[in-house]
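Peer 1: quick one, structure for this:
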Amino acid sequence: MLLAAIPAFAQPDVTSTADPNGNISWPPPVYVLRGEAEIRGTANLPNMVNYFIEFRPLEDTFSVGAPVATEEPANGVLEEEDVFFAAILPSSTPVIDDVLGVWDTTVVEDGLYEIRLTINLANGEPVMHTVAPLRVENTPPPFVVPEAPPTPVIIPTQPPPPTVPPTEDPTPRVTVSTPNGNVRSGDGTNYQIVASLTQGSTAQIVGISNTGSGWFQVRLDNGQIGWMAPSIVTVTGNLNSIPRVQPPPPPATPTFTPVPATPTPATQANLVAGNPNPNPGTPVCNVTTNYTFDVANLGTEANTTTGTITVTDIHVATGTVTGSTTGGVPIIQPGQTIGLPIPLTVSTYYNELHRVTFTIDSGNQIAETTKADNVRVFEYTLAQGSCP
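Peer 2: Residues are numbered from 1 along each chain as shown. Have a look, this model is predicted:
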């Protein structure tokens, strides 16, 4: 019945044919999302300025939900319009058949939604692609166990042996929670893929990255050692005894021999991570903290390309990743310092120590004289606020 209703769903102002260079490939329509959901696809159009992803609620009939007014006009009459809300911050970094961003569905109510990818172009109208309907279900409906028929009474001739409770396996393991999970040579997507696991596969955890990335060092069934991102796995077992491990150095940026007639000078940019400047000053449970992260260029030239800032919040006692987001790094002139707005919401482990790691150019896209000063770590105790 759900599939039969989809052709009647209207998508105003959006063409139904997706541009192969500007589309959402995952999740597909009629899909259930929960927690931090990866949005995958492609944003690689010529003259692209940036892209971002929004969402809006739908009624159970697949029509757009009740209009939302953001401001009351002078005459007291609200103008109805379909309002989209930001799911993923704007990014100017091209993406080809990979992760566009992560939508935290825990901050919205369960129900039907529509998501929309918008790609802004420097010389034309924006290109859009929508996917609907999608169901957010962070609180599944209760499962009612049918009443079993009465069991006949059997008088045993001797007392049954005592029931021994099953022994819980405390070994820390990861289970792949996405259709496939890449195992890499280091704790970042810029490292080489050394293996790939299907959904439901498990691997033993042998270490946690000491860089603050939250990545797990795992041992596969064949004995091979690699690294997996916390966003594609679920964790079981006791992590208290898992050691912090230094990952291998990031892979070197490929070098090319310049043509003698037109040598390319090396860039003299040097981006430095500054203060995070959280607002409120002490983050509060389930309240968005608006960080103004300072990035300074202490080199003698501007960076020639843009890049990405990765922000990861980790519960220090367990190493659990409790929040993550990304932001864009623009062109910064030498001697210039800019504050980049980065919102982040953490809703677990209040009254306990957290560590936020800010990493400039986590994708290693910006050429610099040094990368040693691209990381800033901020520790705080999460206030309880209104969390139960």
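Peer 1: name the helix or strand for the residue nearest in space to the middle of the chain, please.
Peer 2: For the chain, the residue nearest the mean C-alpha position is Val102 (3.4 Å; CA atoms, centre = their mean). Secondary-structure element containing Val102, defined by DSSP states H and E: strand 95-104.
Peer 1: CA atoms only for that strand, dumped as PDB, please.
Peer 2: Extracted in PDB, the C-alpha atoms of strand 95-104 (Å, rounded to 0.1, in the frame of the first residue of the first chain):
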ATOM      1  CA  VAL A  95      31.500  14.900  -3.600                       C
ATOM      2  CA  ILE A  96      31.400  12.000  -6.000                       C
ATOM      3  CA  ASP A  97      29.300   9.000  -5.000                       C
ATOM      4  CA  ASP A  98      30.300   9.300  -1.300                       C
ATOM      5  CA  VAL A  99      29.000  10.800   2.000                       C
ATOM      6  CA  LEU A 100      27.400  14.200   1.500                       C
ATOM      7  CA  GLY A 101      26.900  14.600   5.300                       C
ATOM      8  CA  VAL A 102      25.300  13.100   8.400                       C
ATOM      9  CA  TRP A 103      21.700  14.000   9.400                       C
ATOM     10  CA  ASP A 104      21.100  13.700  13.200                       C
END
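Peer 1: one step back: who are the neighbours in contact with the closest residue to the residue nearest to the centre of the chain other than its chain neighbours?
Peer 2: Leaving aside its sequence neighbours, Val102 sits nearest to Glu36 (CB to CB, 6 or more residues apart in numbering; 5.0 Å). The C-beta positions use only the backbone N, C-alpha and C, and glycine is treated the same way. Glu36 is in contact with 102-106, 231, 324, counting by CB atoms under 8 Å, 6 or more residues apart in numbering.
Peer 1: give me the pLDDT value at Thr151.
Peer 2: Note on Thr151: pLDDT of 75.
Peer 1: and what of Asp110?
Peer 2: Asp110 is assigned a pLDDT of 93 by the prediction.
Peer 1: burial count for it?
Peer 2: Neighbour count for Asp110, taken as other CB atoms under 10 Å: 15.
Peer 1: Thr178 contacts Thr198, correct?
Peer 2: No - the criterion here is CB atoms under 8 Å, and Thr178 misses it with Thr198 at 9.7 Å.
Peer 1: okay, the two: which has more neighbours?
Peer 2: A count of neighbours by other CB under 10 Å puts Thr178 above the other of Thr178 and Thr198, at 17 against 10.
Peer 1: A helix includes that one, no?
Peer 2: No - counting by DSSP: H, G, I helix; E, B strand; the rest coil, Thr178 is not found in a helix; it is coil.
Peer 1: which ones are touching Asn374?
Peer 2: Applying CB under 8 Å, 6+ apart, the residues near Asn374 are 271-273, 359-361, 368.
Peer 1: just the residues you listed now: which is nearest Gly111?
Peer 2: Thr359 (34.5 Å; CB to CB).
Peer 1: name the helix or strand for the closest one, please.
Peer 2: Counting by DSSP H and E, Thr359 is part of strand 353-360.
Peer 1: so which elements touch that strand?
Peer 2: strand 271-273, strand 289-297, strand 307-315, strand 375-381 (3 or more CB pairs under 8 Å, 6 or more residues apart in numbering; DSSP states H and E).
Peer 1: how about those strands, which one is nearest Pro149?
Peer 2: strand 307-315 (46.4 Å).
Peer 1: ok and that closest one relative to strand 289-297, angle-wise?
Peer 2: Here the directions of strand 307-315 and strand 289-297 differ by 140 degrees (axes from the mean of the first three to the mean of the last three CA atoms, to 10 degrees).
Peer 1: which residues sit against strand 307-315?
Peer 2: Here strand 307-315 has contacts from 91, 93, 212-214, 291, 293, 295, 320-329, 340, 342, 344, 346, 348-349, 352-363, 365-366, using CB under 8 Å, 6+ apart.
Peer 1: can you name the element that comes right after whichever helix or strand Val194 is part of?
Peer 2: Taking DSSP H and E as the criterion, Val194 maps to strand 193-198. Reading on from strand 193-198 to the C-terminus, the next helix or strand found by DSSP H and E is strand 202-209.
Peer 1: pull up the pairing partners for that following strand, direction included.
Peer 2: Strands that pair with strand 202-209, judged by DSSP bridges, come out as strand 173-176 (antiparallel), strand 216-219 (antiparallel), strand 244-245 (parallel).
Peer 1: quick revisit: partner residues bridging the residue nearest to Val102?
Peer 2: Asp104.
Peer 1: for it, give its distance to Asp294.
Peer 2: Distance of Glu36 to Asp294, computed by CB to CB, to the nearest Å: 27 Å.
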